[in-house]
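Engineer: Return atomic coordinates for the entry below.
(2 chains)
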Amino acid sequence: MNAIVIGLNAYRESIRRKTLIAFLLFAMLVIASSTFLTVLSPGEEVKMVKDVCLSCISFFGMLIAVFTAGALIPGEMENRTIHTIVSKPMKRVTYLIGKYFGAQLTILLNLALMSALFIVILFLQSRRYIDESGVSVSTPLIVIGKAMLLVYFELLVLSALAIAVSTMSTSATLPVIGGIFIYIVGHSVDYLKNLSEHVGSGLMAWVIRQFYLILPNFSNFYLRNQLVHDDPYVPQGIARLFIYALLYAGFGLLIAYLLFRKRDM
Amino acid sequence: MPFAIEIENLTKTYRSLFGIRTVTAVDNLTLQVEEGEVFGFLGPNGAGKTTTIKILLGILFPTSGECKLFGKPFTSNSAFAPETANSELKTEIGYLPEGPYFHEFLTGREVLAFYGKLYGLRGANLKGRIDETLELVGMTYAANRYVQHYSKGMRQRIGLGQALLSDPKLLILDEPTVGLDPIARREIRDLMLKLSKLGKTLFICSHELSEVEMICDKVGIIHRGKMIKSGKLLDLILKDRSIEIDVTAVAEELRKKLESMQCSVKDNEAGLVSIRLPSGQGIYDVLDVLKAGSADVIEVKPQKETLEDLFIRSVKEEVA
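Structural biologist: Got it, this is the predicted structure:
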């Protein structure tokens, strides 16, 4: 129960943070202006909107997740609020779970707002195309829903890993940089596999392969092709990807707990 | 009856990242605080007071030693010990940190509601406790204002309020009156006395020695992590008590006689002569000598050492 109290408080704190509001506004601006970018690819306007919006939601979602999850604990350490909280009858694991829960509420709110604008922009842009082709409106909606769900799964993992890094830090800088690094590497995991196969040194190939095996593969959560082609089929399966995300998030939170349980504050 | 606080051979050493440099903040500290006692924990800046308090609250972990609260082990330095086997004990502790900081986006009432929920209070019970506490700390009038608009004194009161929410048996207060105006200081001091009368154990860490002297039963002085003096306040300050007698004038013969009795005789700035009796010298013997010497006694002043004198002397002795 205390985790919910901590979580709701963390959510109230996060949604007031100017950095996050700025990210959200900028993301909304990019999504809204994606229709103007369609002049760059005549004949592929809808595809262009989908591409730009999905990339924008994924990128700004990452920034919001990393800045939310990475800053919650160091922020309270910096202003020493954590001292009064930890001295209350509550285990540290409850505090961690509460912060993670608060970060999820913030991420979900931001994702919902970006998704809603994306849907509005997409339907304004594709109205003519749908009218002409007679394609059902519900198909793109299902694909958009799945794409956004998978973006959230990715942020679920990323926020857990950012919280794990934040438990080692007294400022938000390290978790933010760490989170962005994990995001970039997580989207390049397939390249790591290719690299390990082509690199000359055996040891280097082994090291790169271990990274490939350990790091979450975020490209699994990126439904660009399905979204562009209005194809609701997800080869890996939503349920399997959810379990995959939960395992990585659980691993991140376990690391966070192990680092945090005996940490001096 | 078990002690409210029992610290045994507590040591806290901070190490740099690679363990090259170490700083011992608390060095083999031992102290006991009985239930219902008001204990003043004193020391210069960097003496290890706040570190000790943080270990007591489970915010820091000791390098070695043990802390017990109400007879139960509270903190352990073992990496494999249950994270906080002391969660229940924490309902018995209220903590006011130095310069308390709260989430600025909450009102005073919301701050108390947040902390009250962490104590497991809910519904009407929570609301009742918040109202009582706001009344107790004199913050009812500003309960619905945002914390960001609070003055330092108001934050201090809300800080005290969150410490009192669970009606704890033990209150750990780190600099409770620092930065407050004289009126607020007096009110907080009265509140502490009131809490003491209600049977609460108060562990007060403060630099305001006159305040501590007014409310504490026992004091402990810590310097460079070590306890250099502890005991009942009256025992400590009366141990070096002497008496000073002011008289109008002293003839040379009388002066020599007094000096032969180990009295210090000095002219003071008020144009009188001050005669300071050594510790253990009977006052009536000296008064008899003064009467025989026809000296007019103006004032007899017991020279009690103040806590400030005791503190400065203890620290200087330790440094020497």
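Engineer: SS state for the residue nearest to the spatial centre of chain B?
Structural biologist: What sits nearest the mean C-alpha location of chain B, by C-alpha atoms, centre = their mean, is B:Gly40, with 2.3 Å. Under DSSP: H, G, I helix; E, B strand; the rest coil, the three-state class of B:Gly40 is strand.
Engineer: isn't it right up against B:Glu208?
Structural biologist: No: applying C-beta atoms under 8 Å, one finds B:Gly40 not in contact with B:Glu208, separated by 9.7 Å. To be clear about C-beta, it is placed using only N, CA and C from the backbone, and glycine gets the same treatment.
Engineer: residues touching the residue nearest to the centre of chain B, list them.
Structural biologist: B:Gly40 is in contact with B:204-206, B:212, B:215-216, B:218-220, B:233, B:307, counting by C-beta atoms under 8 Å, 6 or more residues apart in numbering or on different chains.
Engineer: The same query, at a cut-off of 10 Å, please.
Structural biologist: Contact partners of B:Gly40, counting by C-beta atoms under 10 Å, 6 or more residues apart in numbering or on different chains, are B:202-206, B:208-209, B:211-213, B:215-221, B:230, B:233, B:307, B:311.
Engineer: Helices along chain B, start to end?
Structural biologist: Taking DSSP state H to define them, one finds helices in chain B at B:49-56, B:108-118, B:123-136, B:152-164, B:182-197, B:209-215, B:233-238, B:252-260, B:283-292, B:307-319.
Engineer: Could you list every helix and strand in contact with the longest one?
Structural biologist: When you say that, I think you mean helix B:182-197. Helices and strands touching helix B:182-197, by 3 or more C-beta pairs under 10 Å, 6 or more residues apart in numbering or on different chains; DSSP states H and E, are strand B:38-42, helix B:123-136, helix B:152-164, strand B:170-174, strand B:201-205, helix B:209-215.
Engineer: Show me what it is in contact with.
Structural biologist: Under the contact criterion C-beta under 10 Å, 6+ apart, helix B:182-197 has outside partners B:36-38, B:94, B:96, B:136-138, B:151-154, B:156-157, B:160, B:164, B:168, B:171, B:173, B:176-181, B:200-202, B:204, B:208, B:210-212, B:214-217.
Engineer: follow-up on the earlier one: model confidence for the residue nearest to the centre of chain B, exactly?
Structural biologist: The model reports B:Gly40 with a pLDDT of 93.
Engineer: Could you check how far it is from chain A?
Structural biologist: Look at B:Gly40 and chain A: by C-beta to the nearest C-beta, to the nearest Å, they are 20 Å apart.
Engineer: so what's that residue bridging to?
Structural biologist: Bridge pairing for B:Gly40 (DSSP bridges) gives the partners B:Ile204, B:Val219.
Engineer: Now for the nearest residue in space to B:Asp285 that is not next to it in sequence: which residues touch it?
Structural biologist: Nearest-residue entry for B:Asp285: B:Met261, 7.1 Å, with adjacent residues in sequence omitted and distances by C-beta to C-beta, 6 or more residues apart in numbering or on different chains. Shown in contact with B:Met261 (C-beta under 10 Å, 6+ apart): B:275, B:277-278, B:281-282, B:285-286, B:289.
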